[in-house]
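> Provide a 3D model corresponding to the input given below.
(chains A and B)
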Amino acid sequence: MLDIQQLRNDLTTVAANLARRGFVLDTVKFEQLEAERKTIQTRTQELQAQRNANSKRIGQAKAKGEEVSAILAEVATLSDELKQLEAKLPQVLQAMDAFLALIPNLPHDSVPAGKSEADNVEVRKVGTIPNFAFEVKDHVSIGEGLGGLDFETATKIAGSRFSLLTGQLARMHRALAQLMLDTHTEQHGYTETYVPYLVNAASMRGTGQLPKFEEDLFKVPRQMGDGEENFYLIPTAEVPVTNMVRDEIVPLEKLPLKFVAHTPCFRSEAGSYGRDTRGMIRQHQFDKVELVQMVHPDTSYAALESLLGHAETILHKLELPYRVVKLCGGDMGFSAATTYDIEVWLPAQNTYREISSCSNYEAFQARRMQARFRNAQGKPELLHTLNGSGLAVGRTLVAVLENYQQADGSVRVPEVLRPYMGGVTALCAH
RNA sequence: GGAGAGGUGGCAGAGCUGGUUGAUUGUACCUGACUCGAAAUCAGGCAUACCGCAAGGUAUCGGGGGUUCGAAUCCCCCCCUCUCCGCCA
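Below you'll find the model as predicted:
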């Protein structure tokens, strides 16, 4: 959610900035809503003031035992118009709210111009792309060859876009998550958290998934008293973790807050039919270790760089080649002001694929959530929120399988992972 | 699932026989006085959002609806928390 003051004060600049990410702001509609709101609100408050004053007089008169019917008659003349306006005002305010809720965040000045993935800017390349003296296989062939990756059975159990890991692959998957959690808690100062995987609509609104992206979410209907309300399966741990501070005022000395959570993520992947249908790149369910920070506004860009570094550390440790790209305006997510993607090298695809996305949301989420801190002057002020994958566990497994594959179909276990896998040095078919 | 208690400002905690109560008080916090300095003490300030150049106004006492000229206070529905019983990984 953008600051409505900013829209009121400098609509053309806001519109121009939003255009940088390919969003066309309907300024006419905004001004219409704003004008309507203003007249109705002003008039309503005027009438309310009159009514309140009269009511007060009635109270005082009654206390003295005086006659009040004259004042009552006076109040009665207000009530019709007031009732109408009081009914209308919330409608206008809601319309404005709905309008604001669909406006994406303003891109930071440093965000490159561009429309799509193709316009993203490479920040750095790290590691050496491996040369294979044999024909590389993709993770599906490798996994099925090893016997631990079974899409057929997953499809029987659930459907397409699910996977089933068994034995040594399941263990490696777990080992990767452990490595990530241990690294972030022990070396990067994050607090480990265990969170709900089903959340309410208010939380989804807080981080920006609702109202605009409901079709991307899995919904779980739930009987609530007379009506029905939904639970939503989390598409990322960002949602429950960031919402920890919703409607909170964090004491200044507690900042920055840094949390890490390992959770499954559920995405309906509506609209991505036909994309990445082979393998475990794009699934309805996948595990991710997520880094979340809530920080003082002055430090959020420094925090973004360090958070990005924390995610990169995992790839260093696993010795996987990757690159960092800065997303252009047109490729950024709805709520982000700046996003870096980390893309890992996948030999079978002969390209880099996203394995992490690290963003600074500035106050965009905090404003929706009313997540604040008490500043040095003692006044509540909006926090800045950030998050990034550190990393997507399933895709990391894919990257390890493909980058560490050997001619005989076995897969070497990265050095750092071995302590988490009982000292096993290679995965072999048996 | 059954029975009861409760949800008020950063925190604690009044008010709840409807009227000058946006809300007593304590505490925390800020400013000033005193002090070499601090503590203690004293004086003042101290919720949020919105409208307004300002004066000032409006809204908000878990959420929603209702009664009323007027609701933190009365009525209805819902959510949440706590205690006891039952059930259960």
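
> Residue A:365: what's its closest spatial neighbour, skipping adjacent residues?
Nearest non-adjacent residue to residue A:365, counting by CB to CB, 6 or more residues apart in numbering: residue A:385, 4.7 Å away. Backbone N, C-alpha and C define where each C-beta goes, glycine included.

> typo on my end, it should be residue A:319
The shortest distance from residue A:319 to any non-neighbouring residue, by CB to CB, 6+ apart, is to residue A:414 (6.2 Å).

> Same check on residue A:158?
Nearest residue to residue A:158 in three dimensions, chain neighbours excluded: residue A:284, at 7.7 Å (CB to CB, 6+ apart).

> again with residue A:349
The shortest distance from residue A:349 to any non-neighbouring residue, by CB to CB, 6+ apart, is to residue A:138 (7.3 Å).

> gap between the one you found and RNA strand B?
To RNA strand B, residue A:138 is 39 Å away according to CB to the nearest atom of the strand, to the nearest Å.

> Do I have it right that that residue meets residue A:351?
No - taking contact to mean CB atoms under 8 Å, the distance of 12.0 Å between residue A:138 and residue A:351 leaves them out of contact.

> More neighbours: these two, which one.
Neighbours around residue A:138 and residue A:351, counted as other CB atoms under 10 Å, are more numerous at residue A:138. The numbers are 18 against 9.

> Contacts only, for the residue nearest to residue A:319.
By CB atoms under 8 Å, 6 or more residues apart in numbering, the contact set of residue A:414 is A:317-319, A:400, A:404.

> could you pull out the helices for chain A?
Per DSSP state H, chain A carries helices over the ranges A:4-9, A:11-19, A:27-64, A:69-101, A:139-146, A:151-157, A:167-186, A:201-207, A:238-242, A:300-318, A:364-369, A:393-403.

> Now those in JSON lines, please, with extra columns for mean pLDDT.
JSON lines is the format used below for those (pLDDT from 0 to 100):
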{"stretch": "helix A:4-9", "mean pLDDT": "87"}
{"stretch": "helix A:11-19", "mean pLDDT": "92"}
{"stretch": "helix A:27-64", "mean pLDDT": "89"}
{"stretch": "helix A:69-101", "mean pLDDT": "84"}
{"stretch": "helix A:139-146", "mean pLDDT": "96"}
{"stretch": "helix A:151-157", "mean pLDDT": "95"}
{"stretch": "helix A:167-186", "mean pLDDT": "98"}
{"stretch": "helix A:201-207", "mean pLDDT": "89"}
{"stretch": "helix A:238-242", "mean pLDDT": "94"}
{"stretch": "helix A:300-318", "mean pLDDT": "98"}
{"stretch": "helix A:364-369", "mean pLDDT": "89"}
{"stretch": "helix A:393-403", "mean pLDDT": "97"}
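
> Any idea which of the ones you listed gets closest to residue A:347?
Residue A:347 lies closest to helix A:393-403 among the helices of chain A, at 5.0 Å (CB to CB).

> how distant is that closest one from the center of its chain?
Taking the mean of its C-alpha atoms, helix A:393-403 sits 23 Å from the chain's own mean (CA atoms, centre = their mean, to the nearest Å).

> Residues contacting it, please?
When contacts are taken as CB under 8 Å, 6+ apart, the neighbours of helix A:393-403 outside the stretch itself are A:130, A:136-139, A:142-143, A:163, A:169, A:172-173, A:176-177, A:180, A:262, A:279-281, A:283, A:286-289, A:314, A:318, A:320-321, A:344-348, A:353-355, A:411, A:414, A:417.

> Now do that helix and helix A:167-186, the angle between them.
Following axes from the mean of the first three to the mean of the last three CA atoms, to 10 degrees, one obtains 120 degrees for the angle between helix A:393-403 and helix A:167-186.

> how far off helix A:300-318 does helix A:393-403 point, in degrees?
Relative orientation of helix A:393-403 versus helix A:300-318 (the same axes, to 10 degrees): 40 degrees.

> is it true that residue A:240 touches residue A:199?
Yes - judged on CB under 8 Å, residue A:240 makes contact with residue A:199 at a distance of 5.6 Å.

> list residues touching both of these two?
Contacts common to residue A:240 and residue A:199, judged by CB under 8 Å, 6+ apart, are residue A:234.

> Alongside RNA strand B, which residues does the stretch 1-150 of chain A contribute?
Remark: the part of the stretch 1-150 of chain A in contact with RNA strand B comprises A:4-5, A:8, A:38, A:41-42, A:44-46, A:48-49, A:51-56, A:58-60, A:62-63, A:72, A:75-76, A:79, A:90, using CB under 7 Å from any atom of the strand.
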